[in-house]
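return atomic coordinates for the entry below.
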Amino acid sequence: MSRKSNGGNRVRVVPAAGAVLYRMDGGEARCAVVHRPRYDDWSLPKGKVDPGESLPVTAVREIEEETGHTAVLESRIGTTAYPLKENTRKEVTYWSARATGGDFEPNSEVDEIRWLPVDEAKDLVSYGLDRKILGRFAAARPVDSVLLLVRHAKAGSRSEWSGDDSARPLDKTGRTQAELLAPMLRAFGVRRLHSAPRVRCEQTVGPLADELGVEVRLEPALSDEAYLDDPVAARTRVIEIADGDGVAAVSSQGTAIPGLVGDLSRLAGLVVADTSTKKSGTWGLGFADGRLAFADYYPSPLPAR
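Residues are numbered from 1 along each chain as shown. Down below sits the predicted model:
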């Protein structure tokens with residue numbers, strides 16, 4: 001990946017991902033800070049993207065490789081950037097990540113881990129950029145639930161489909177997008193799957209349904225037509241789904257999703273400048289007391305024109 005710098009030169013960008021990995025202790029978040037013997041520094045777990053990986057998948061993989069802990073992602077905290085060498089820059093995107101299990105064993109990359117309150121973690125880390133990310137983590141509003149709102153993947157052309165449009169399936173590119181969505185949704189701990197009553201929406205979460213061994217629950221209130229007819233009912237249903245047991249993903253369409261994200265953000269007083277959602281694009285939505293607390297957009301793991 002490369003981008004133009006302010007001076008017009010091409011700059012090679014090395015993408016990476018990491019997290020503020022935390023667990024609760026007596027009502028207080030304790031964050032994982034790792035010691036890397038190669039650099040003799042203390043930092044947040046992170047690492048470079050492997051070919052074909054999405055950033056969320058990288059973050060969860062690197063957490064486990066460096067700390068031995070499994071995790072589920074929550075909100076996106078931010079991206080830091082720093083030069084590696086001339087015309088090369090590393091960009092690291094960080095999430096809040098809740099530890100769900102595992103044990104640390106010293107390895108070639110990390111020989112020690114400490115679980116610390118945020119202020120102590122900020123004092124220990126070696127770099128100002130890590131302190132900035134920890135500060136953002138501390139300032140974020142805690143959430144009760146997380147929901148992934150997914151636009152269906154690429155389907156065959158409507159003009160070339162002679163049957164009922166609700167039965168129009170994914171095309172070859174869409175099926176690949178659906179396969180690549182599965183690991184990204186798993187990175188957020190998705191365990192429940194819902195879909196607008198459209199074949200293309202059901203097929204978009206189908207690969208993950210197969211992996212998890214769960215059924216996809218149909219949601220008549222969350223199609224484009226239903227949203228336009230009764231946006232309040234659609235919004236209410238999204239909040240109900242989010243409030244269920246475990247993280248859910250909902251597959252819907254290109255009118256309902258931007259409308260729902262816009263409605264929920266306005267009601268919560270959040271500024272979301274652009275709610276447009278491309279095929280197999282995903283919104284990570286966090287809720288606190290039934291109101292939207294964050295809205296993070298993730299492009300398709302396989303963008304299609």
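
neighbours of Thr275, how many?
Thr275: 17 surrounding residues under other C-beta atoms under 10 Å. C-beta: built from backbone N, CA, C; applies to glycine.

name the nearest residue to it, ignoring sequence neighbours.
Pro258 (4.0 Å; C-beta to C-beta, 6 or more residues apart in numbering).

could you check the pLDDT of the one you found?
Per-residue pLDDT puts Pro258 at 98.

can I assume it sits in a helix?
Yes - counting by DSSP: H, G, I helix; E, B strand; the rest coil, Pro258 is part of a helix.

now for it: which residues touch it?
Pro258 makes contact with 275-277, according to C-beta atoms under 8 Å, 6 or more residues apart in numbering.

do the same with Ala178
Contacts for Ala178 (C-beta under 8 Å, 6+ apart) come out as 153, 170, 203-207, 280.

and the spatially closest residue to Arg30 that is not a sequence neighbour, its phi and psi?
Leaving aside its chain neighbours, Arg30 sits nearest to Trp115 (4.2 Å; criterion: C-beta to C-beta, 6+ apart). The phi/psi pair for Trp115 (degrees, to the nearest 10) reads phi -100, psi 110.

surely Trp115 and Val34 touch.
No - here Trp115 does not reach Val34: they are 10.7 Å apart, not a contact under C-beta atoms under 8 Å.

what's the neighbour count on Ala59?
Ala59, neighbours per other C-beta under 10 Å, totals 28.

distance check, it against Glu86.
28 Å (C-beta to C-beta, to the nearest Å).

ok, Ser157 to Arg168 distance?
Taken as C-beta to C-beta, the span from Ser157 to Arg168 is 9 Å.

which one of the two is surrounded by more residues?
Arg168 (19 against 9).

the more buried one against Glu202, yeah?
No - assessed by C-beta under 8 Å, Arg168 is found out of contact with Glu202, at 11.6 Å.

quick one: buried residues of the lengthiest helix in the chain?
Across the chain, the helix with the greatest residue count (assigned by DSSP state H) is helix 172-187. Neighbour-count burial for helix 172-187, with 16 or more other C-beta atoms under 10 Å as criterion, is recorded at 173-178, 180-187.

next, the angle from whichever helix or strand comes after it to helix 172-187.
Next helix or strand after helix 172-187 toward the C-terminus (DSSP states H and E): strand 190-195. Here strand 190-195 points in a direction 140 degrees away from that of helix 172-187 (axes from the mean of the first three to the mean of the last three C-alpha atoms, to 10 degrees).

need the contact partners of strand 190-195.
By C-beta under 8 Å, 6+ apart, the residues outside strand 190-195 that reach it are 148, 201-202, 204-205, 208-209, 212, 214-219, 222, 241, 244-252.

now it: average pLDDT?
Strand 190-195 comes out at a mean pLDDT of 98.

ok, it: who's next to it in the sheet?
Here strand 190-195 is paired, per DSSP bridges, with strand 216-218 (parallel), strand 247-252 (parallel).

Val216 reaches Asp210, doesn't it?
No - assessed by C-beta under 8 Å, Val216 is found out of contact with Asp210, at 10.2 Å.

more crowded one of these two?
Val216 (20 against 10).

ok, the more buried one - contacts?
For Val216, the contacting residues are 193-195, 202, 205-206, 209, 251, by C-beta under 8 Å, 6+ apart.

what's the answer for Asp50, then?
Contact partners of Asp50, counting by C-beta under 8 Å, 6+ apart, are 58, 61.

do the same with Glu91
Neighbours of Glu91 in contact, by C-beta under 8 Å, 6+ apart: 13-16, 79-81.

among those, which one sits closest to Val143?
For those, the closest approach to Val143 (C-beta to C-beta) belongs to Thr79, at 20.5 Å.

next SSE after whichever strand or helix holds the closest one?
Thr79 is part of strand 69-85 when elements are defined by DSSP H and E. The C-terminal neighbour of strand 69-85 among helices and strands, as given by DSSP H and E, is strand 88-102.
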